[in-house]
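[1] Task: produce atomic coordinates for the following.
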Amino acid sequence: MKFLLDENTPPSLLGRLAGMGHEARHIIRMGWASTKDSRILELAAETGEIILTHDLDFGTLLALSGKAKPSVIQFRLKRPQVEDMADFLEAYLPELADDLSEGALVTVDERMFKIRRLPIKR
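    Below you'll find the predicted structure:
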């Protein structure tokens, strides 16, 4: 899978994703700091990347867009740690692969995760 990490996601997650066999880029390392979330959605849709973020705006933007891509995994962790995010991805990406390839918003917290297929119906 290919991932685009939002600027609020630790760059150190790149190495863990690479170790799992995934491609990943980070917004800050690409020189796109402060890029609007709507533009990040467009870029990820164009390149087929899945966005990893802590930003809840992406869910709203996806719902308003009515589009089926890109997929987004949003972490809603109280104390986000790279290890926790990486462990979740390593454990659950195989289970989420079909949903993410078709288009999904996955919300992750300490207790569970929820999958909403795209486009989100209002």
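
[2] Burial check on the closest residue to residue 58 other than its chain neighbours, number of neighbours?
    Once flanking residues are discounted, residue 58 sits nearest to residue 72: 4.7 Å by Cβ to Cβ, 6 or more residues apart in numbering. Using the backbone N, CA and C atoms, a C-beta is placed for each residue, glycine as well. Residue 72 has 28 neighbours, counted by other Cβ atoms under 10 Å.

[3] Residue 72 against residue 54, yeah?
    No. Counting by Cβ atoms under 8 Å, residue 72 sits too far from residue 54 to count as a contact (11.2 Å).

[4] Low-confidence regions, this protein specifically.
    122 (pLDDT under 70).

[5] for it, what's the longest helix?
    helix 82-102 (DSSP state H).

[6] Next secondary structure after it?
    strand 104-108 (DSSP states H and E).

[7] following that following strand, which helix or strand shows up next?
    Strand 104-108 is succeeded, C-terminally, by strand 113-117 (DSSP H and E).

[8] And that next one, what does it pack against?
    helix 82-102, strand 104-108 (3 or more Cβ pairs under 8 Å, 6 or more residues apart in numbering; DSSP states H and E).

[9] angle of that strand against strand 104-108?
    170 degrees (axes from the mean of the first three to the mean of the last three Cα atoms, to 10 degrees).

[10] relative to helix 82-102, how tilted is strand 113-117?
    Interaxial angle, strand 113-117 versus helix 82-102 (the same axes, to 10 degrees): 20 degrees.

[11] Neighbours of residue 13, how many?
    Neighbour tally, residue 13, other Cβ under 10 Å: 20.

[12] Any figure for the gap between the residue nearest to it when sequence neighbours are not counted and residue 59?
    Of all residues not flanking residue 13 in the chain, residue 82 sits nearest, at 5.4 Å (Cβ to Cβ, 6+ apart). To residue 59, residue 82 is 22 Å away according to Cβ to Cβ, to the nearest Å.
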